[in-house]
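Chemist: Next one to model:
(chains A and B)
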Protein chains: 2
Amino acid sequence: MITNQLLCPESIVVVGASNNVHKPGGAILKNLINGGYRGELRAVNPKEKEIQGIPAFADVKDIPDTDLAVLAIPAALCPDVVDLLAKEKKTRAFIILSAGFGEETHEGALLEERILETVNQYGASLIGPNCIGLMNTCHHSVFSQPIPNLNSRGVDLISSSGATAVFILESAVTKGLQFNSVWSVGNAKQIGVEDVLQFMDEHFDPERDSHLKLLYIESIKKPDRLLFHASSLIRKGCKIAAIKAGSSESGSRAASSHTGAIASSDSAVEALFRKAGIVRCFSREELTTVGCVFTLPELKGKNFAIITHAGGPGVMLTDALSKGGLNVPKLEGEQVEELKAQLFPGASVGNPIDILATGTPQHLRTCIDYCEEKFENIDAMMAIFGTPGLVTMFEMYDVLHEKMQVCRKPIFPILPSINTAGAEVAAFLAKGHVNFADEVTLGTALSRIVNAPKPAAPEIELFGVDVPRIRRIIDSIPDDGYIEPHYVQALLHAAGISIVDEFVSDKKEEILAFAHRCGFPVVAKVVGPVHKSDVGGVSLNIKGEQYLALEFERMMRIPEARAVMVQPMLKGTELFIGAKYEERFGHVVLCGLGGIFVEVLKDVSSGLAPLSYEEAYSMIHSLRAYKIIQGTRGQKGVNEDKFAEIIVRLSTLLRFATEIKEMDINPLLATDKSVIAVDARIRIEKGEMQ
Amino acid sequence: MITNQLLCPESIVVVGASNNVHKPGGAILKNLINGGYRGELRAVNPKEKEIQGIPAFADVKDIPDTDLAVLAIPAALCPDVVDLLAKEKKTRAFIILSAGFGEETHEGALLEERILETVNQYGASLIGPNCIGLMNTCHHSVFSQPIPNLNSRGVDLISSSGATAVFILESAVTKGLQFNSVWSVGNAKQIGVEDVLQFMDEHFDPERDSHLKLLYIESIKKPDRLLFHASSLIRKGCKIAAIKAGSSESGSRAASSHTGAIASSDSAVEALFRKAGIVRCFSREELTTVGCVFTLPELKGKNFAIITHAGGPGVMLTDALSKGGLNVPKLEGEQVEELKAQLFPGASVGNPIDILATGTPQHLRTCIDYCEEKFENIDAMMAIFGTPGLVTMFEMYDVLHEKMQVCRKPIFPILPSINTAGAEVAAFLAKGHVNFADEVTLGTALSRIVNAPKPAAPEIELFGVDVPRIRRIIDSIPDDGYIEPHYVQALLHAAGISIVDEFVSDKKEEILAFAHRCGFPVVAKVVGPVHKSDVGGVSLNIKGEQYLALEFERMMRIPEARAVMVQPMLKGTELFIGAKYEERFGHVVLCGLGGIFVEVLKDVSSGLAPLSYEEAYSMIHSLRAYKIIQGTRGQKGVNEDKFAEIIVRLSTLLRFATEIKEMDINPLLATDKSVIAVDARIRIEKGEMQ
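Modeler: Residues are numbered from 1 along each chain as shown, chains lettered A, B, ... in the order given. Okay, the predicted model is just below:
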């Protein structure tokens, strides 16, 4: 649990405080002092009376009641100190920096257990152990550098790894990104990344709280909670970006060697992030760039104007934006010519708007005004302004500063001359702005943000799905493993998923009557022999009654033949739907076109059950081969609505039948009228029932 | 032409020199002085006797003979000054910084023309106009900042755009990248990027010259020369990376608004870079990161060990390397356990090797030694070492420095704490090293480098191609446009490309005899009616003589029928080959699987004619659907050798028939035995013959 004493303590004690700022106990005290902490600050150290000007106590027994304790003492000493503080000093928040716990040894894990019991008993918070701490606008309880600019307009960073948090900060401060809070949860014995997010969601105050969250996650331990609270926060107007490290096979080995956690399969992570509306990032650089974009006004569209006094970067940025599905629309018309007339001869206004190397701050101001007020096909501006060092850039950057205060449309400052115009960039950042030093990095980050889906609706689509019947069928299945075809048929029927009709009989009249009902052509298969094809027991495309009668007679003469099965012969485009149960995540549903599209081209998209119609359509649309579903080469397409319906219904079925560990419907045959399952397999395991 | 006077002048005059270092004529003089230029330095300025401590002359007439003149005077004055200097002062190199030439007005273009005539007449070099200049280890004739560390182990940068060169330098100096020379060619009136490369190739001295080149190109004006000299340099042991801006449609509009040049189509650029072996980059950040990688010892394989004291970045780097086809192999066995025993308890050695936050410089040294000497499955090391600021990193980075001197395997230093360990990183860079502050950016750059192909063999494959016959056929074609089918057949035959046999006749006996020869089944098509299918004039899969006779009779009764065409009915996988002539580049050849693979999935790969067998195989292998060519789902694959042969032969045909502006063979039908063209179209234009 996260207590007020953790967030905004009236008093803090550093246990193991030191005058040596090269030790964690010294560094954290220094950071607290330099951070201007306004409450009572205390130190505990058996050897000193005063540490860094702060009164020191020889023993924790001697201190007055204290809200938050930061422990920088050997692991073995921590449980007793926590016990004493919680019991006798009303301490309701603990940050344990020390390592040597569960991440190293079994003994360490036991120490952690004892501490957890104590803090839970007293309703106290525990951050760590094995972390760099927590800093927010109230207190800087971290032992690490750098300390970013902390204020309520900044972003919240929540990190599984202390070192990675530190390196993310390194990348962030260079860009001018400001923070509201930085959480390093370490071993996350009580509070993990998901718990911090849950707290932020449940206590969200749109006026006071930061709307911007960056996450670094090594292992998603509680995917349901992450999904629920991340999407809830995003629906409340927050923006969330996250790195989930360990997306490759070797990467997940690396992550697990680091945290001792089993890494989640990456397609489940991908599906969860999409469902929640989280912007997925793959590097610190990308995460902090996305964080900087978050701090700017919301983008209302995909059309950018690039204003610059140097051609090259504008071209590269245009390329990067186009690649990501964003536009740099051509500017033309009367007002554009009017703008051109106000710039130096040779300036170009087609977009990028190039005011030339000699362009003045006034030119920049005019360009921004035209983009803001007159160019209706422009949603945002990119200003690329560096310098070869002849003149200072203060005045130019002042124009940016001035306009960024007042413009409705976002302005992205791209200031590449971080060395030559270092002083000017620093002054610009000091006004609270961010800087995107590399235009292409910005372009890529922007397309990640714009292309991230909105959080999915959390409702389950029940229409047409007979849940009680599904449960009855599942409960009646005796054994684990791949279930009998009639169970498969029954489950799909209960979920309202059409599956091809079939009829088995050893009586010719019955077979003919069925074929008559379902219509020719039909398929006939012998029932009995195992290798049907080898014994001539499969006959496709039987066009009439006479032929079927002949085939029936022939097949019944095949050794071991017991009966004949008849199905209507369907034609259409092959589709595929599959699902896999991922521990903790639930079912990941995959869809695609069948055959080579799945097997060779790996052209599948994934979603996390249960799926809404919107999600199903988004999955279908994101297939590379979507054009085939739409219809191409003069061929009719596939009934997309029916395809989406089956995806949604299947996902609902799975949500109520978590015993299904793996299944696929392959193929479904689809025309512009119908989508019908032709073959399906389902594997269940009841042992691990939730 | 590039003269010695440009590269290493014994004397330099700055015309338009100034005491005001905020003007180009002042800034360039300051840079020359600060750069320690050892020759005679002179200034021309009508108002001063001495400028920045350098003797000043009132008029260029007054100066002694001077090798190199840097002009920072209005455009209109330049032609006369160049004329005088070339004629009277033996000046054989000019750098014209001034703008106001062809990039702005027609009058400016005429001024440029005059200057070009003069310099060509005297065999002098001309850099610019409208550029920031040239700097190398001899002289810093640029007016811009920053000035990187210049020495012969550094990289050569050649840039179309001055401002972009400046911004590339900003990104480079932050990483510690050093330079041998920086060329900004401006309007490139005499010397463009390709010319500089040609000079470097033709005068290449492996002992003295830099082996590393970075290019920024806005428009490839002489693709042949770029290809020839880039691949020649790479074959001599050089490494080249380049940005070609304007890869998107909007991007090329931006590039052309900037330089007034028509941008080349991007697939031609892609094909050219692949053929030359140039590493293609898309941002300044990527280019400078690739440049930094170039400065390290050559990679001998794809297996990396990651050594770190912080888990997270190691995981993200592993993900990035895996994505790019590089490996972080698991380390196991006796020697690995031996290494583990020398680290602190809790350290992991599975790869990433995590020596823990408390790991010492000695631990790092030991890890490097094991990777260098004992782990044979490791080709290179990544060392990720930042700090939360408790202790300084000097000692740790000294170990890196020490080991980077002696190890055969490359060590990539990833030092993320650029603020907190700013002094340590600076000291490390001062020893001549580079720093990769973001591990994922490095991982991505590395995969670009490793996945760049080697330069293609420059020979043309002539075997089986009858060039004189090809020329005779082309010369005999009377009109431009799509050529008659018999010309298509003849050209493919002359190139040794099998095309399906066909026979046209209005005599049943002849038709039957042909079908007999080529074997049933056959295809019959009516000759005469335009829309054959609509009038029932196409019949597939005719299985025997009797049926063919019936079909012939039926077709000949169709109105307008003149004859019937018969082809053997082929089966197989559809393949596609196409080609398009790109102005200046030559023919871009595309290949892929036919049908939806080309039309929907855009799964094609491209190469620049003429193609070697190696290139053809590489094109085939880089198809996403390559597995279908190999054979999949129990189906036999395609005869890859025949496919490659046709690609190569077609490319040779094109090289000798540049009149062909566009062609495609679609489909070719391929089995495991043969690949046969079924339909082909060729469009020629003789007007623009080379």
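Chemist: tell me the SS of the closest residue to residue A:99 other than its chain neighbours?
Modeler: Excluding the flanking residues, the one nearest residue A:99 by CB to CB, 6 or more residues apart in numbering or on different chains is residue A:130, at 4.6 Å. For the C-beta atoms, the positions are set from N, CA and C on the backbone; glycine is no exception. What DSSP: H, G, I helix; E, B strand; the rest coil gives for residue A:130 is coil.
Chemist: count of neighbours near residue A:130?
Modeler: Look at residue A:130: counted by other CB atoms under 10 Å in any protein chain shown, it has 25 neighbours.
Chemist: those helices in the stretch 451-600 of chain A, which residues are they?
Modeler: For the stretch 451-600 of chain A, applying DSSP state H, counting those that start in this stretch gives helices covering A:467-476, A:485-494, A:508-518, A:545-556, A:596-599.
Chemist: What parts of the stretch 101-250 of chain A come near chain B?
Modeler: A:103-105, A:132, A:143-146, A:159-164, A:166-167, A:170-171, A:173-174, A:216, A:218, A:243, A:245-250 (CB under 8 Å from any CB of the partner chain).
Chemist: what ranges of chain A fall below the confidence cut-off?
Modeler: Within chain A, the stretches with pLDDT under 70 are A:249-265, A:633-634, A:688-690.
Chemist: Can you pull the domain assignment for it?
Modeler: Following automatic domain parsing, one gets these domains for chain A: A:1-130, A:146-295, A:303-451, A:456-499+A:571-690, A:503-568.
Chemist: most packed of these?
Modeler: Mean neighbour count (mean count of other CB atoms under 10 Å in any protein chain shown) peaks for domain A:146-295 among the domains of chain A, with a mean of 22.
Chemist: ok, back up a step: redo the domains of chain A as TSV? Include distance to residue B:189.
Modeler: Formatted as TSV, these follow (distance: least, CB to CB, whole Å):
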stretch	distance to residue B:189
domain A:1-130	58
domain A:146-295	39
domain A:303-451	17
domain A:456-499+A:571-690	46
domain A:503-568	72
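Chemist: The ones you listed: which one's closest to residue B:395?
Modeler: The closest of the domains of chain A to residue B:395 is domain A:1-130. By CB to CB, the value is 13.3 Å.
Chemist: how far does that closest one sit from the chain's center?
Modeler: Mean-position distance between domain A:1-130 and its chain equals 34 Å (CA atoms, centre = their mean, to the nearest Å).
Chemist: about what we covered before: might you report the residue contacts of the residue nearest to residue A:99?
Modeler: A:96, A:97, A:98, A:99, A:100, A:101, A:103, A:162, A:186, A:187 (CB atoms under 8 Å, 6 or more residues apart in numbering or on different chains).
Chemist: and residue A:104, what does it touch?
Modeler: Per CB under 8 Å, 6+ apart, neighbours of residue A:104: B:345, B:346.
Chemist: Provide the secondary structure category for it.
Modeler: At residue A:104 the chain is in coil, as set by three-state DSSP.
Chemist: distance of it from residue A:115?
Modeler: Distance of residue A:104 to residue A:115, computed by CB to CB, to the nearest Å: 15 Å.
Chemist: Tell me which residue is most central in chain A.
Modeler: residue A:273 (2.7 Å; CA atoms, centre = their mean).
Chemist: Would you confirm that that residue contacts residue A:241?
Modeler: No: the pair residue A:273 and residue A:241 fails to qualify as a contact (CB atoms under 8 Å) at a distance of 9.6 Å.
Chemist: Leaving out the residues flanking it, which one is nearest to residue A:532?
Modeler: Using CB to CB, 6+ apart, the nearest residue to residue A:532 is residue A:538, at 5.1 Å.
Chemist: need the contact list for that neighbour.
Modeler: A:523, A:524, A:525, A:526, A:532.
Chemist: who's in contact with residue A:411?
Modeler: A:296, A:368, A:380, A:381, A:382, A:383, A:400, A:403, A:404.
Chemist: In terms of helices and strands, where is the second one?
Modeler: Applying DSSP states H and E as the criterion places residue A:368 in helix A:361-369.
Chemist: Then the fourth one?
Modeler: Element membership for residue A:381, per DSSP H and E: strand A:380-384.
Chemist: just how off-centre is that strand within its chain?
Modeler: 27 Å.
Chemist: how big is the angle separating it from helix A:361-369?
Modeler: 160 degrees (axes from the mean of the first three to the mean of the last three CA atoms, to 10 degrees).
Chemist: hmm, the helix or strand that strand A:380-384 is followed by in reach of chain B?
Modeler: Per DSSP H and E, the first helix or strand lying C-terminal to strand A:380-384 is helix A:394-406. No: remark: helix A:394-406 sits outside contact range of chain B, by CB under 8 Å from any CB, the gap being at least 13.2 Å.
Chemist: where exactly do the strands run in the stretch 101-250 of chain A?
Modeler: A:125-127, A:133-136, A:140-142, A:150-159, A:179-184, A:212-217, A:239-244 (DSSP state E, counting those that start in this stretch).
Chemist: Distance to residue A:64 for those strands - can I get that in CSV?
Modeler: Shown next, in CSV, are the strands of the stretch 101-250 of chain A (distance: least, CB to CB, whole Å):
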stretch, distance to residue A:64
strand A:125-127, 20
strand A:133-136, 22
strand A:140-142, 19
strand A:150-159, 27
strand A:179-184, 27
strand A:212-217, 36
strand A:239-244, 40
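Chemist: Residue B:203: which of the ones you listed is closest?
Modeler: strand A:239-244 (47.9 Å).
Chemist: quick one: strands adjacent to the closest one?
Modeler: Take DSSP bridges as the rule and strand A:239-244 pairs in its sheet with strand A:212-217 (parallel), strand A:279-281 (parallel).
Chemist: How about residues contacting the first one?
Modeler: Counting by CB under 8 Å, 6+ apart, strand A:212-217 makes contact with A:154-161, A:164-165, A:168, A:180, A:193, A:197, A:200, A:226, A:233, A:238-245, A:278, A:287-288, A:290-291, A:294-295, B:312, all of which sit outside it.
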